[in-house]
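A.B. asks: I'll drop the sequence and a predicted model, then ask my questions.
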Amino acid sequence: MSEDQTWRGNVGGMEWERAERFLSGNAFARVACIDDDGNPYVVPLWYTWDGEGFLLVIRERARIARYMQNNPNVSLVVDEMEVDDERGQFTLPKVFCQGRAEIVEEANVGGAWVQVAEEMSVRYLGPDGPTYLVPTLVQPRWLIKIVPEYIKTWEGVGWGKQYWVEAEGNPTYEEVHGLEGGS
């Protein structure tokens, strides 16, 4: 398989500086927690990566806030199909995290969450983001930080080597991924 494999993008884990550039975009975080019945509960949310964790601004009545308050064990993934902007080029970038939800502020009006929400509104909606946010500032929100205990990155169109099962007569991992010169 010597054909051009550039369509795969960078295949493998990202250098952390690159992952942080990816996290500065506007992909949604999918946050998973455990509900009151012990079932998985997943919600797409806006987030801000602050260099140590994922800040979430959550409406007072959103069940996920109470679930995280009752059981802080969470998982989170941020992913996109592709990115080609000021952050660089990414093909299928992903950041996976397992960690703990820390309640920074319980639901309130006018707390520290306001500045975080203002920054998010511009990041996710552009310059008109505050137009969306301002009339809702009287609605109480939680500020929750997901602190990663485990974090992993991946990008590109390819399998992680640990998943590949070599079998006689089948193409090797290196052949399939255009790495004939070695991995």
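C.D. replies: Good, I have the coordinates.
A.B. asks: From now on I want contacts and neighbour counts done on CA atoms only, so please keep to that.
C.D. replies: Fine.
A.B. asks: Longest helix in this structure, please.
C.D. replies: Counting residues, the longest helix in the chain under DSSP state H turns out to be helix 113-125.
A.B. asks: Please name every helix or strand in contact with the following helix or strand past that one.
C.D. replies: For helix 113-125, the following helix or strand on the C-terminal side (DSSP states H and E) is helix 129-133. Judged by 3 or more C-alpha pairs under 8 Å, 6 or more residues apart in numbering; DSSP states H and E, helix 129-133 is in contact with helix 113-125.
A.B. asks: And the helices in this structure?
C.D. replies: Shown for the chain, the helices assigned by DSSP H span residues 16-23, 63-70, 113-125, 129-133, 173-176.
A.B. asks: residue ranges for the strands of the protein, please.
C.D. replies: Listed in chain order, the strands found in the chain under DSSP state E are 29-34, 40-45, 48-49, 54-59, 73-79, 82-85, 88-91, 94-108, 141-154.
A.B. asks: Residues in contact with the shortest one: which ones?
C.D. replies: When contacts are defined by C-alpha atoms under 8 Å, 6 or more residues apart in numbering, strand 48-49 is touched by residues 20, 23, 24, 54, 55, 56, 116, 120.
A.B. asks: Likewise for the last one?
C.D. replies: Residues outside strand 141-154 that contact it (C-alpha under 8 Å, 6+ apart) are 11-14, 19, 52-60, 65, 74, 92-109, 112-113.
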